[in-house]
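J.: Attaching a predicted model along with its sequence, questions to come.
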Amino acid sequence: QVQLVESGGGLVQAGGSLRLSCATSGNTFSWYHMGWFRQAPGKERELVARIRWNGYNTYYSDSVKGRFTISRDNTKNTVYLQMNSLKPEDAAVYYCALARGAYFRWSDYDDWGQGTQVTVSS
């Protein structure tokens with residue numbers, strides 16, 4: 001099992017930016033697809049963005065498209081989520097996750113981080 005540790009969450013004003021990082025253990029990071037999810041209180045976990053193992057294919061949910069950017073550095077075993085133009089509705093716990101096969105739905109992901117809180121004030 002790969003360990004995933006998120007960082008970079010915090011409190012930001014609406015319109016501001018945050019950059020989340022997810023560091024992974026081991027030396028097989030480049031084999032895996034990665035995703036960022038979020039879950040707000042009382043809501044289901046939502047796939048925000050995902051990136052293929054080679055970094056060449058990305059996907060964004062409609063709610064964040066044009067504002068968030070997922071990237072990865074396979075030399076640092078880390079995936080990032082740059083979040084710009086944050087809105088109050090972006091507030092949630094953000095999780096990174098790793099997928100060894102398919103990577104389209106939350107159930108495809110095998111290993112998860114503990115989450116990092118993002119709070120957006122209006």
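T.: Yep, it's here.

J.: Show me what counts as buried in stretch 79-91.
T.: For stretch 79-91, burial by neighbour count (16 or more other Cβ atoms under 10 Å) applies to Val79, Tyr80, Leu81, Met83, Leu86, Asp90, Ala91. C-betas here are computed from N, CA, C, even on glycine.

J.: The helix or strand that the first one is a member of - contacts with which helices or strands?
T.: This points to Val79. Assigning secondary structure by DSSP states H and E places Val79 in strand 78-83. Packed against strand 78-83, as judged by 3 or more Cβ pairs under 8 Å, 6 or more residues apart in numbering; DSSP states H and E, are the following elements: strand 18-24, strand 33-39, strand 46-51, strand 68-73, strand 92-99.

J.: Make a markdown table from the ones you listed and add mean neighbour count, mean pLDDT and distance to Asp62 to it.
T.: Shown next, in a markdown table, are the helices and strands packed on strand 78-83 (neighbours: other Cβ atoms under 10 Å; pLDDT from 0 to 100; distance: least, Cβ to Cβ, whole Å):
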| stretch | mean neighbour count | mean pLDDT | distance to Asp62 |
| --- | --- | --- | --- |
| strand 18-24 | 20 | 97 | 20 |
| strand 33-39 | 24 | 97 | 14 |
| strand 46-51 | 22 | 97 | 11 |
| strand 68-73 | 18 | 97 | 11 |
| strand 92-99 | 23 | 97 | 16 |
